[in-house]
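Enquirer: I would like to see how this sequence folds:
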Amino acid sequence: MASRRGRGAGRPSWRDRAFVVRTYDFGEADRVVVLLTRDHGLVRGVAKGVRKARSRFGSRLQPFVEVDVQVYPGRGLSTITSADTVAFYGHAIIDDFDRYAAGCAMLEAAEKLSFDQGDPELFALLQEGFERLQSPTHPTLVLDAFLLKAAAHAGWKMSLFNCANCQTPGPHKAFHAAAGGAVCTLCRPPGAMDVDPEVLHSMWLLEHDHVCSEEFAEQVHRATSAHLQFYLGAGLTSLRVMKQA
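Expert: Model prediction:
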């Protein structure tokens, strides 16, 4: 579809696939929407009139809905003028706390891992994660699979069999996020996490799209969360909420 000139900004408009990350009320009827787009990265735009009772446009700009959006770039906020539903993933998510929390954590992590430029692979990982939340699979395992793959895509791939420090072949019984994954007895730093070797194997399975048992789900989630927190420099609010629930 050919681009048209942006209103007032003098820049061409564009269309892209997107997920809503966050929204804020703005004025009496508008809303600021933070979008994770496939080809344009993170975009902050105003959707005008979407808080009016009869606005069908506003009903589409919700979490867990993949939309095709029309955006006019601006110097500060862009303007979102239309949104067509491509896929709705909320059926199995919004009425289930664990799945809802996992979905929110995926969105929050994707926002932190995204930049101004597009990242089709990260976008595809989010689509895949939301699709898997529709299945009976344990939601925390779905979340951890997304986090492990997204972190690896960002350049933060762990060593889950060989020692991350000396490369001694495993299996090993300790994990340390700052060291880069599994650590052997000789390289084990202070504060390393004691883990069953099957925990590290389960993380490898999730990262490579294989079926994983729920037996070690709690330890897998703990190690995965520590890994992400170390590289982001801060934890995810959604993960703290999950921990407190």
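Enquirer: Other residues contacting the strand ranked longest in the chain?
Expert: In terms of residue count, the longest strand belonging to the chain (DSSP state E) is strand 14-26. Contacts to strand 14-26, defined as CB atoms under 8 Å, 6 or more residues apart in numbering, come from residues 1, 3, 31-40, 42-43, 46, 51, 61-71, 73, 83, 86, 107-108, 110-111, 118, 123, 126. Backbone N, C-alpha and C define where each C-beta goes, glycine included.
Enquirer: What distance do you get for the residue nearest to Asp68 when sequence neighbours are not counted to Ser135?
Expert: Leaving aside its sequence neighbours, Asp68 sits nearest to Asp84 (CB to CB, 6 or more residues apart in numbering; 4.6 Å). Separation of Asp84 from Ser135 (CB to CB, to the nearest Å): 26 Å.
Enquirer: for Phe57, same thing?
Expert: Relative to Ser135, Phe57 is positioned 30 Å away (CB to CB).
Enquirer: Am I right that Gln117 is in a helix?
Expert: No. Assigned with DSSP: H, G, I helix; E, B strand; the rest coil, Gln117 falls outside any helix and is coil.
Enquirer: out of Phe57 and Ser135, which sits in the busier spot?
Expert: Phe57 (17 against 10; other CB atoms under 10 Å).
Enquirer: Secondary structure class of the more buried one, three-state.
Expert: helix.
Enquirer: Give me the number of neighbouring residues for Arg240.
Expert: Arg240 has 12 nearby residues by other CB under 10 Å.
Enquirer: all strands of the protein, in order?
Expert: For the chain, strands defined by DSSP E occupy the ranges 14-26, 30-37, 41-47, 65-72, 78-88, 174-176, 181-182, 193-194.
Enquirer: relative to strand 14-26, how tilted is the third one?
Expert: Strand 41-47 runs at 60 degrees relative to strand 14-26, counting by axes from the mean of the first three to the mean of the last three CA atoms, to 10 degrees.
Enquirer: same check, this time on the second one
Expert: For strand 30-37 against strand 14-26, the angle by the same axes, to 10 degrees is 140 degrees.
Enquirer: distance from the centroid: which residue in this structure tops it?
Expert: Leu186 (35.0 Å; CA atoms, centre = their mean).
Enquirer: All the helices of this protein, in order from the start?
Expert: 56-60, 97-113, 120-132, 139-153, 197-207, 217-232, 237-244 (DSSP state H).
Enquirer: got the contact list for the closest residue to Tyr89 other than its chain neighbours?
Expert: Among residues not flanking Tyr89 along the chain, Phe130 sits closest, at 3.9 Å (CB to CB, 6+ apart). Under the criterion of CB under 8 Å, 6+ apart, the contact list for Phe130 reads 64, 66, 89, 93, 103, 106.
Enquirer: Between these, which sits nearest Glu198?
Expert: Comparing these against Glu198 with CB to CB places Met106 closest, at 24.7 Å.
Enquirer: Do I have it right that that closest one meets Leu126?
Expert: Yes. With contact defined as CB atoms under 8 Å, Met106 counts as touching Leu126 (6.1 Å).
Enquirer: Now the common contact residues for the two.
Expert: Common contact partners of Met106 and Leu126 (CB under 8 Å, 6+ apart): Phe146.
Enquirer: hang on, the earlier thing: Throw the strands of the chain into TSV and include distance to Ala223, mean neighbour count and mean pLDDT, thanks.
Expert: Converted to TSV, the strands of the chain look like this (distance: least, CB to CB, whole Å; neighbours: other CB atoms under 10 Å; pLDDT from 0 to 100):
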stretch	distance to Ala223	mean neighbour count	mean pLDDT
strand 14-26	26	18	93
strand 30-37	26	22	93
strand 41-47	28	20	93
strand 65-72	30	20	95
strand 78-88	31	17	93
strand 174-176	5	23	98
strand 181-182	9	28	98
strand 193-194	6	13	96
